[in-house]
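Undergrad: Structure for this input, please:
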Amino acid sequence: MRRIELIIETIIFQTRWILAPFYLGLAFCLLLLLYHFGVQIFEFVVKIPRASETDVILGILTLIDVVFTANLVLIVVLSGYENFVSRIEADDHDRPDWMTKVDFGGLKHKLMTSIVAISAIQLLRAFMNIEQYDNTKLAWLAGIHVVFLLSMLVVALADRLSEDGEEPEHARSRKTS
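TA: Numbering: from 1, shown residues only. Sure, this is the predicted structure:
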(Lines give C-alpha, C1' and ligand atoms only; values in the text may rest on other atoms or scores of the structure.)
Protein backbone atom coordinates (compact mmCIF):
# COMPACT_ATOMS: atom_id res chain seq x y z
CA MET A 1 0.00 0.00 0.00
CA ARG A 2 2.85 2.39 0.85
CA ARG A 3 4.33 1.83 -2.62
CA ILE A 4 1.06 2.92 -4.32
CA GLU A 5 0.97 5.96 -2.07
CA LEU A 6 4.54 6.92 -3.08
CA ILE A 7 3.71 6.50 -6.79
CA ILE A 8 0.63 8.72 -6.42
CA GLU A 9 2.58 11.34 -4.48
CA THR A 10 5.38 11.31 -7.05
CA ILE A 11 2.90 11.82 -9.89
CA ILE A 12 1.17 14.64 -8.02
CA PHE A 13 4.50 16.27 -7.19
CA GLN A 14 5.68 16.08 -10.81
CA THR A 15 2.49 17.79 -12.05
CA ARG A 16 4.12 21.08 -11.06
CA TRP A 17 5.97 20.87 -14.39
CA ILE A 18 2.64 21.45 -16.15
CA LEU A 19 3.09 25.09 -15.11
CA ALA A 20 6.35 25.45 -17.07
CA PRO A 21 4.64 26.04 -20.46
CA PHE A 22 2.52 28.79 -18.86
CA TYR A 23 5.67 30.57 -17.72
CA LEU A 24 7.26 30.10 -21.15
CA GLY A 25 4.13 31.61 -22.70
CA LEU A 26 4.41 34.62 -20.41
CA ALA A 27 8.10 34.95 -21.30
CA PHE A 28 7.04 35.04 -24.96
CA CYS A 29 4.57 37.79 -24.02
CA LEU A 30 7.58 39.83 -22.87
CA LEU A 31 8.82 39.73 -26.47
CA LEU A 32 5.39 40.91 -27.63
CA LEU A 33 5.54 43.75 -25.10
CA LEU A 34 9.02 44.64 -26.35
CA TYR A 35 7.66 44.87 -29.89
CA HIS A 36 4.74 47.00 -28.67
CA PHE A 37 7.16 49.22 -26.71
CA GLY A 38 9.29 49.67 -29.83
CA VAL A 39 6.25 50.72 -31.87
CA GLN A 40 5.12 53.09 -29.10
CA ILE A 41 8.53 54.72 -28.71
CA PHE A 42 8.90 55.12 -32.49
CA GLU A 43 5.48 56.81 -32.73
CA PHE A 44 6.37 58.97 -29.71
CA VAL A 45 9.68 60.13 -31.21
CA VAL A 46 8.05 60.92 -34.56
CA LYS A 47 5.37 63.09 -32.88
CA ILE A 48 7.77 64.98 -30.55
CA PRO A 49 8.49 67.97 -32.88
CA ARG A 50 4.81 69.00 -32.98
CA ALA A 51 3.76 67.68 -29.54
CA SER A 52 2.48 69.78 -26.70
CA GLU A 53 3.75 69.36 -23.16
CA THR A 54 0.66 67.30 -22.33
CA ASP A 55 1.29 65.05 -25.33
CA VAL A 56 4.89 64.48 -24.18
CA ILE A 57 3.78 63.61 -20.65
CA LEU A 58 1.05 61.29 -21.96
CA GLY A 59 3.57 59.61 -24.28
CA ILE A 60 5.99 59.04 -21.42
CA LEU A 61 3.19 57.71 -19.20
CA THR A 62 2.22 55.30 -21.98
CA LEU A 63 5.80 54.00 -22.13
CA ILE A 64 5.97 53.71 -18.32
CA ASP A 65 2.71 51.76 -18.41
CA VAL A 66 4.22 49.22 -20.84
CA VAL A 67 7.38 48.95 -18.70
CA PHE A 68 5.31 48.36 -15.52
CA THR A 69 3.37 45.66 -17.35
CA ALA A 70 6.62 44.02 -18.49
CA ASN A 71 7.97 44.17 -14.92
CA LEU A 72 4.77 42.55 -13.71
CA VAL A 73 5.09 39.72 -16.23
CA LEU A 74 8.75 39.18 -15.29
CA ILE A 75 7.93 39.04 -11.58
CA VAL A 76 5.20 36.47 -12.22
CA VAL A 77 7.45 34.35 -14.46
CA LEU A 78 10.51 34.28 -12.20
CA SER A 79 8.77 34.15 -8.83
CA GLY A 80 6.08 31.77 -10.00
CA TYR A 81 8.58 29.38 -11.53
CA GLU A 82 10.81 29.47 -8.44
CA ASN A 83 7.89 29.08 -6.01
CA PHE A 84 5.88 26.45 -7.83
CA VAL A 85 8.08 24.57 -10.32
CA SER A 86 11.81 24.51 -9.65
CA ARG A 87 14.69 26.60 -8.36
CA ILE A 88 16.35 28.64 -11.08
CA GLU A 89 20.08 27.85 -11.20
CA ALA A 90 21.45 31.15 -12.48
CA ASP A 91 24.76 32.81 -11.68
CA ASP A 92 24.53 34.28 -8.20
CA HIS A 93 26.22 37.54 -9.27
CA ASP A 94 23.48 38.11 -11.88
CA ARG A 95 20.52 37.02 -9.74
CA PRO A 96 18.29 39.92 -8.66
CA ASP A 97 18.11 40.15 -4.85
CA TRP A 98 14.33 39.99 -4.76
CA MET A 99 14.24 36.54 -6.44
CA THR A 100 15.33 34.69 -3.34
CA LYS A 101 13.17 36.81 -1.06
CA VAL A 102 9.78 36.78 -2.83
CA ASP A 103 7.49 34.05 -1.59
CA PHE A 104 3.84 33.67 -2.59
CA GLY A 105 2.77 36.41 -0.15
CA GLY A 106 5.42 38.77 -1.50
CA LEU A 107 4.36 37.90 -5.04
CA LYS A 108 0.77 38.87 -4.20
CA HIS A 109 1.96 42.22 -2.84
CA LYS A 110 4.14 42.93 -5.87
CA LEU A 111 1.28 42.02 -8.22
CA MET A 112 -1.23 44.19 -6.40
CA THR A 113 1.20 47.11 -6.21
CA SER A 114 1.94 46.84 -9.93
CA ILE A 115 -1.76 46.65 -10.81
CA VAL A 116 -2.50 49.73 -8.68
CA ALA A 117 0.42 51.59 -10.32
CA ILE A 118 -0.80 50.67 -13.81
CA SER A 119 -4.33 51.72 -12.87
CA ALA A 120 -3.03 55.02 -11.47
CA ILE A 121 -1.18 55.73 -14.71
CA GLN A 122 -4.32 55.01 -16.74
CA LEU A 123 -6.31 57.36 -14.50
CA LEU A 124 -3.66 60.08 -14.70
CA ARG A 125 -3.57 59.77 -18.49
CA ALA A 126 -7.35 60.15 -18.59
CA PHE A 127 -7.29 63.25 -16.39
CA MET A 128 -4.47 64.79 -18.43
CA ASN A 129 -6.51 64.18 -21.56
CA ILE A 130 -9.83 64.97 -19.89
CA GLU A 131 -11.46 66.59 -22.93
CA GLN A 132 -11.55 63.18 -24.66
CA TYR A 133 -13.41 61.47 -21.81
CA ASP A 134 -16.99 61.81 -20.65
CA ASN A 135 -17.83 61.94 -16.96
CA THR A 136 -19.13 58.38 -16.93
CA LYS A 137 -15.88 56.94 -18.26
CA LEU A 138 -13.82 59.04 -15.84
CA ALA A 139 -16.01 57.86 -12.96
CA TRP A 140 -15.51 54.24 -14.02
CA LEU A 141 -11.74 54.68 -14.23
CA ALA A 142 -11.64 56.32 -10.79
CA GLY A 143 -13.98 53.70 -9.33
CA ILE A 144 -11.94 50.80 -10.69
CA HIS A 145 -8.77 52.38 -9.33
CA VAL A 146 -10.39 52.71 -5.89
CA VAL A 147 -11.44 49.04 -6.06
CA PHE A 148 -7.82 48.07 -6.84
CA LEU A 149 -6.59 50.20 -3.93
CA LEU A 150 -9.12 48.65 -1.56
CA SER A 151 -8.23 45.16 -2.80
CA MET A 152 -4.57 45.85 -2.11
CA LEU A 153 -5.47 47.09 1.37
CA VAL A 154 -7.58 43.99 2.10
CA VAL A 155 -4.78 41.66 0.94
CA ALA A 156 -2.25 43.53 3.09
CA LEU A 157 -4.54 43.45 6.13
CA ALA A 158 -5.31 39.75 5.66
CA ASP A 159 -1.60 38.96 5.44
CA ARG A 160 -0.89 41.10 8.51
CA LEU A 161 -3.62 39.37 10.51
CA SER A 162 -2.40 35.92 9.47
CA GLU A 163 1.17 36.86 10.48
CA ASP A 164 0.03 38.02 13.93
CA GLY A 165 -0.90 34.46 14.86
CA GLU A 166 2.37 33.00 13.56
CA GLU A 167 5.80 33.15 15.05
CA PRO A 168 8.23 34.96 12.71
CA GLU A 169 10.46 32.57 10.76
CA HIS A 170 13.68 34.17 12.05
CA ALA A 171 12.50 33.46 15.63
CA ARG A 172 11.73 29.82 14.76
CA SER A 173 15.15 29.33 13.13
CA ARG A 174 16.92 30.68 16.25
CA LYS A 175 15.13 28.14 18.44
CA THR A 176 16.24 25.22 16.29
CA SER A 177 19.90 26.27 16.17
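Undergrad: what about Glu89, how many neighbours?
TA: Using other C-beta atoms under 10 Å, Glu89 is surrounded by 7 other residues. Yep, even glycine has a C-beta here, placed from its N, CA and C like the rest.
Undergrad: So it: helix, strand or coil?
TA: With DSSP: H, G, I helix; E, B strand; the rest coil as the basis, the three-state label of Glu89 is coil.
Undergrad: distance of it from Glu82?
TA: Glu89 is 11 Å from Glu82, where distance means C-beta to C-beta, to the nearest Å.
Undergrad: Ok, Arg50 next?
TA: From Arg50 over to Glu82 the distance is 47 Å, taken as C-beta to C-beta.
Undergrad: Between those two, which has more neighbouring residues?
TA: Glu82 (16 against 7).
Undergrad: Tell me the buried residues in the strand or helix carrying that one?
TA: For Glu82, the host element (DSSP states H and E) is helix 53-84. For helix 53-84, a neighbour-count test (16 or more other C-beta atoms under 10 Å) marks 58-59, 61-62, 65-66, 68-70, 72-73, 75-83 as buried.
Undergrad: Now do stretch 136-156, average pLDDT.
TA: Mean per-residue pLDDT for stretch 136-156: 86.
Undergrad: now it: how far from the chain's centre is it?
TA: In terms of C-alpha atoms, centre = their mean, to the nearest Å, the centre of stretch 136-156 is found 17 Å from the chain centre.
Undergrad: and it, which residues are buried?
TA: 141, 145, 148, 152.
Undergrad: my guess is the third one meets Ser114, correct?
TA: Going back to what we said before, that points to Phe148. No - look at Phe148 against Ser114 with C-beta atoms under 8 Å: they stay out of range, at 10.3 Å.
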